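Need the 3D shape of this:
(4 chains)
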There are 2 protein chains.
Amino acid sequence: MLQNYIKSTNINPHVSVDCVIFGFDFTGLKVLLIERKRENQKINIQKNMLLPGDLIRDDEDLDTAAQRVLRELTGLKNIYLTQFHSFGDPNRVSSKSDAEWLISVREQPTARVITVAYYALVKLHDYKPAASSFAKKTEWCDISAIPELAFDHNLIFTKALEHLQRTLREHPIGFELLPKKFTLSQLQKLYEAILQIPLDKRNFLRKILKTNILIPLKEKQQGVSHKRAQLYGFDKKNLSKVKHFGI
Amino acid sequence: MLQNYIKSTNINPHVSVDCVIFGFDFTGLKVLLIERKRENQKINIQKNMLLPGDLIRDDEDLDTAAQRVLRELTGLKNIYLTQFHSFGDPNRVSSKSDAEWLISVREQPTARVITVAYYALVKLHDYKPAASSFAKKTEWCDISAIPELAFDHNLIFTKALEHLQRTLREHPIGFELLPKKFTLSQLQKLYEAILQIPLDKRNFLRKILKTNILIPLKEKQQGVSHKRAQLYGFDKKNLSKVKHFGI
DNA sequence: ACAAAAGTGTTTAATATACACCCATGT
DNA sequence: ACATGGGTGTATATTAAACACTTTTGT
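Numbers count the residues shown, from 1 in each chain, chains lettered A, B, ... in the order given. Prediction:
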C-alpha cells in the first residue's frame, strides 16, 4: 500500500520534511509523536517513536510538503508552520533499527536524505487523530518526557523548542495553541510551559493587555469550583501592530 | 545512469549550499557576489551575478559544505557561519539564462536542487580574493546596490539580511566584521549600516561598554586629520556572558 | 582659523520588578 | 467553613531616550 503510494506519485528520495507539532492541553506543552509502522515485525523495538515527516514530492515546495504532512496527520488546515532548520549529517541514519525500517518502507532505503524541519502550533482541542499512512499510532507526548527517538529526531525536537521559545519571547503567537476563548491564567500557563519559567500574574496581565491583542468577551468560565474567570479572545487585527513583546 | 554518476563523483546533485558573505569596509555593509563562468559565450548576459554556492558532496555535512565554499572563495577559515533557511521552490530555476548556464556547468542540469542557505561574517581587510573554481570574478557589492541576481538569489540575500539584523539586535556579533583594533565610531557605523537606522553616539557607547566585551587598548588611531580615537579590541571571554543586548 | 570627528553627563520618560490581600464559587 | 484559583495597585529600580559643547588634529 505504501509502495503503491510512492510509485503513483513523483517522490524526491533525497529530501524530506519533518514536523515538530506542538500542542497545549492546559497542563503542559506537548509534541505529536508517531509510532512507525513496521511491516517486518522482527525490527528492533528500540527508538520506535519519531517525529512525523515524509519525503517531498518532486513538484512540491518545501512549505507545501510540510503542510501536506500536517494535514494528513491531523486533518487540520491553516496552521501556524515555520521552517526552522535543515539537517544533513551524512550519518543521520546511524542505528541498525533505523536502517532496517527504511528498507521496509522506502524504495531507495540507503539514499542519503537531507531533512528540512518545521514546527507547527496546533489547537489541541480541535485535533482528531486522522487515519494516516504515516503512523501506526500517534501520541501527544509532554516535552518533559520525550523518549529516545529514531534518527536525529531528538536533536530536531530540541532545536524546535529553542526556536519556539525565542519566537514566543518576541511575538505573541500563543493564541495559535489556545481555543478561541480562554482565560488569562490559561494563557499564562502556556507561556510558563513553553518558556519554562514562572511568571508574575499581575505583571503578565499588564504586559499582555498593553499589546491590545486580547478582547474581553461577555462571557465567563463555567463549571469551575472557584471564582469564574473572564474569557478572552484574540484580536487578529492588532497582531501585526505588535512590534516588541519582550518577556 | 544516476547510479554511475553518484559513484564516480561523490557529488550529491540534489542539494546545494549558498553563502551570503557579508563584509564591512567602514563605509557600508557589503556582500560578496560572483560572476558566473560562462563556457558558452552565447549565454545571455542578464543576471550574471550570483551568490557563491555549490552542490554538496555525498559524504559531507551541510555546515562542512558551506565552510568549503567559503574557504575556496575567500581563503579564510574560522569564520562566523550560520545556516538560516532552505529554499526549495520547484521553480527556483525559472529563467532561460539560468537553465542554460546549468547545462554548461552541471552533469545533471535539470535535476531539482534544494539549497540550504548560510550567511557568513568576514573581516573584509583580511580577505584576499582566492583563485576559485566557482567564480570568473568576485565583487563586494554594497547592500543598497545589489543587482538582479540569478536564480532566487535576491530572495536568499533579503532573508539573510533580515536574519543578520535580528541577530545583531540581540547578540554582539559585530566584531566578526571588524579588524582586531577598531574605534567606537567604526563599531557604531557598522551597527548603523546593518540595522539601517541612526544611533546616538553617547547612548550607544554606554550600552556597548556595559556588556564588558570591549577592551580599551593602549593605542590610538593614527593618520587622521582630526582628534585620534581610542582603539578597542573585543574580549571574547566575556562574549558568552552577554545575554540580552537590545538595540 | 577652520573643518572634522572625538569625547563626555544629565535630565526625563518608559519599562520592569517585586509584592499581598480580598473575592466568588463548589464541595 | 474551607479550598481553589480570580482579580486587583503601588512603590522602587532599571533601562532607554533626548540632547550640546569642548577637545584634538591636519590642512
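
just the strands in chain A please.
A:11-24, A:29-36, A:49-50, A:53-57, A:80-87, A:114-121, A:135-142, A:214-220, A:230-234 (DSSP state E).

wait, residue A:150 sits on residue A:53?
No - taking contacts as CB atoms under 8 Å, residue A:150 lies outside contact range of residue A:53: 10.4 Å. The C-beta positions use only the backbone N, C-alpha and C, and glycine is treated the same way.

ok so, going back, so for DNA strand D, which of the strands of chain A sits nearest?
strand A:230-234 (3.4 Å; CB to the nearest atom of the strand).

quick one: buried residues of the closest one?
Neighbour-count burial for strand A:230-234, counted by 16 or more other CB atoms under 10 Å in any protein chain shown, picks out A:231-234.

Now tabulate those residues in a markdown table and tack on pLDDT.
Below are those laid out as a markdown table (pLDDT from 0 to 100):
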| residue | pLDDT |
| --- | --- |
| A:231 | 98 |
| A:232 | 97 |
| A:233 | 96 |
| A:234 | 94 |
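
Can you give me every residue that contacts the residue of chain A found nearest DNA strand C?
Closest residue of chain A to DNA strand C, CB to the nearest atom of the strand: residue A:225 (3.2 Å). For residue A:225, the contact set (CB atoms under 8 Å, 6 or more residues apart in numbering or on different chains) is empty.

for chain A, which helix is longest?
As assigned by DSSP state H, the longest helix anywhere in chain A is helix A:153-170.

what packs against it?
Counting contacts by 3 or more CB pairs under 8 Å, 6 or more residues apart in numbering or on different chains; DSSP states H and E, helix A:153-170 is packed against strand A:11-24, strand A:80-87, strand A:114-121, helix A:184-195.

And the first one, what's buried?
When burial is assessed from 16+ other CB under 10 Å, strand A:11-24 yields the following buried residues: A:11-24.

Relative to residue A:146, which of the residues you listed is nearest.
residue A:20 (10.4 Å; CB to CB).

Spell out which residues of chain A are next to DNA strand D.
Listed as neighbours of DNA strand D in chain A under the rule CB under 7 Å from any atom of the strand: A:183-185, A:201-203, A:205, A:220, A:225-230.

From those, keep the buried residues only.
By neighbour count, with 16+ other CB under 10 Å, those hold A:183-184, A:205 as buried.

Make a markdown table out of those residues and add distance to residue A:110 and pLDDT.
Output for these, formatted as a markdown table (distance: CB to CB, whole Å; pLDDT from 0 to 100):
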| residue | distance to residue A:110 | pLDDT |
| --- | --- | --- |
| A:183 | 52 | 97 |
| A:184 | 53 | 97 |
| A:205 | 56 | 96 |
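
What's opposite residue A:80 in the beta bridge?
residue A:121 (DSSP bridges).

Make sure it is actually in contact with residue A:121.
Yes - between residue A:80 and residue A:121 there is a contact under CB under 8 Å: 4.2 Å.

Between these two, which has more neighbouring residues?
Counted by other CB atoms under 10 Å in any protein chain shown, residue A:80 and residue A:121 do not tie: residue A:121 has more neighbours, with 24 against 15.

which non-adjacent residue is nearest residue A:232?
Spatial nearest neighbour of residue A:232, chain neighbours left out: residue A:214 (4.6 Å); criterion: CB to CB, 6 or more residues apart in numbering or on different chains.

how close does residue A:66 get to residue A:109?
Residue A:66 sits 23 Å away from residue A:109, going by CB to CB, to the nearest Å.

ok, now residue A:29?
Computed as CB to CB, the residue A:29 to residue A:109 distance reads 34 Å.

okay, those two: which has more neighbours?
The neighbour comparison of residue A:29 against residue A:109 (other CB under 10 Å) goes to residue A:29, with 23 against 15.

lowest-pLDDT helix or strand in chain A?
Ranked by mean pLDDT, DSSP states H and E, the weakest helix or strand in chain A is helix A:2-8, scoring a mean of 47.

Tell me the spacing between the residue lying closest to residue A:161 once chain neighbours are set aside and residue B:94.
Nearest non-adjacent residue to residue A:161, counting by CB to CB, 6+ apart: residue A:143, 6.4 Å away. Going from residue A:143 to residue B:94 by CB to CB gives 41 Å.

what's near enough to touch the residue most central in space within chain A?
Residue closest to the average C-alpha location in chain A (CA atoms, centre = their mean): residue A:21, at 1.0 Å. Applying CB under 8 Å, 6+ apart to residue A:21 gives the contacts A:31-32, A:52, A:70, A:73-74, A:119-120, A:122.

swap in residue A:150?
So residue A:150 contacts A:36, A:47-50, A:95, A:97-98, A:101 (CB under 8 Å, 6+ apart).

again, 6 Å this time
Going by CB atoms under 6 Å, 6 or more residues apart in numbering or on different chains, residue A:150 touches A:47, A:50, A:98.

Could you single out the nearest of those residues to chain B?
residue A:98 (17.8 Å; CB to the nearest CB).

circling back to that earlier point, show me whatever sits in contact with both of residue A:80 and residue A:121.
Here residue A:80 and residue A:121 have residue A:176 as joint contacts, going by CB under 6 Å, 6+ apart.

in chain A, what residue is nearest DNA strand D?
Residue nearest to DNA strand D within chain A: residue A:226 (2.6 Å; CB to the nearest atom of the strand).

mind checking pLDDT for that residue?
In the prediction, the pLDDT value recorded for residue A:226 is 95.

cool, residue A:112 as well?
94.

How about residue A:73?
pLDDT, residue A:73: 90.

Also residue A:243?
Residue A:243 carries a pLDDT value of 70.

Quick check: the gap between it and chain B.
Note on residue A:243: its distance to chain B, by CB to the nearest CB, to the nearest Å, is 12 Å.

And that residue, its phi and psi?
Residue A:243 adopts backbone torsions of phi -90, psi -70, taken as degrees, to the nearest 10.

what ranges of chain A fall below the confidence cut-off?
Counting by pLDDT under 70, chain A has low-confidence residues at A:1-9, A:38-45, A:131-135.

Which residue ranges make up each domain of it?
Recorded structural domains for chain A (assignment: automatic domain parsing) are A:2-170, A:174-239.

Just give me the closest of the residues of chain A next to DNA strand D to residue B:241.
Once CB to CB is applied, the member of the residues of chain A next to DNA strand D that ends up nearest residue B:241 is residue A:203, at 25.7 Å.

Residue A:55: how many residues sit nearby?
By other CB under 10 Å, 22 other residues sit near residue A:55.

Please tell me how far the residue lying closest to residue A:50 once chain neighbours are set aside sits from residue B:197.
Among residues not flanking residue A:50 along the chain, residue A:150 sits closest, at 4.1 Å (CB to CB, 6+ apart). Residue A:150 is 46 Å from residue B:197, where distance means CB to CB.

Kindly report the same for residue A:151.
43 Å.

more neighbours, those two?
It is residue A:151, of residue A:151 and residue B:197, that has more neighbours when counted by other CB under 10 Å, with 24 against 9.

and the more buried one, what is it in contact with?
Neighbouring residues of residue A:151 by CB under 6 Å, 6+ apart: A:92, A:98.

From residue A:166, how far off is the closest residue to residue A:115 other than its chain neighbours?
Distances taken as CB to CB, 6+ apart place residue A:16 nearest to residue A:115, at 4.5 Å, with adjacent residues excluded. Separation of residue A:16 from residue A:166 (CB to CB) stands at 24 Å.
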